[in-house]
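[1] Give me the fold of what follows.
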Amino acid sequence: MQSTVKDTRATVLPASFTPRKQEELFDQIVELYDLADNVLASVAAEDATHQREQLELVQPFVTQVSNSTNILSAFYTEVVRNHRPITPELQDTMEIAFRNIFFAYRDFLEGIKHKFLSQEN
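    Prediction:
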């Protein structure tokens, strides 16, 4: 029978994670929010063609980017501002949030290719 031992190791931020690097991370998180807003705004623009079809592709992408960015923002707040140690669970949550953005982006691009760039259209 396999024993389930939980990894309870936690690490604190390394000294190399300077205030400047913390600010850069914060700016990158804000850029993710901006990305979601800009993609949505491009579909909502008056001169956008195929708005309905684009919105069908954009909505899941924007939702995932927003949800994952909320998780990353909470991570930033807890670790950088509140000095919470980085546990394996917290690190896993952060990595999953990043991964989900990349998966949503891949699916978004595939949807665009299929819907607008396929040979049949």
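
[2] Report pLDDT for F17.
    F17 is assigned 82 on the pLDDT scale.

[3] what number of residues lie near it?
    The local packing count at F17 equals 13, with neighbours defined by other C-beta atoms under 10 Å. For the C-beta atoms, the positions are set from N, CA and C on the backbone; glycine is no exception.

[4] One more: R20?
    8.

[5] likewise the one 10 residues further on?
    V30 is flanked by 12 other residues according to other C-beta under 10 Å.

[6] where's it, which helix or strand?
    In this structure, V30 sits in helix 19-44 according to DSSP states H and E.

[7] which residue ranges form the strands in the protein?
    Applying DSSP state E to the chain gives no strands.

[8] Mind naming the longest helix for it?
    Assignment by DSSP state H gives helix 88-116 as the longest helix of the chain.

[9] one step back: in terms of secondary structure, what does the helix holding V30 contact?
    Other elements packing on helix 19-44 under the criterion 3 or more C-beta pairs under 8 Å, 6 or more residues apart in numbering; DSSP states H and E are helix 51-76.
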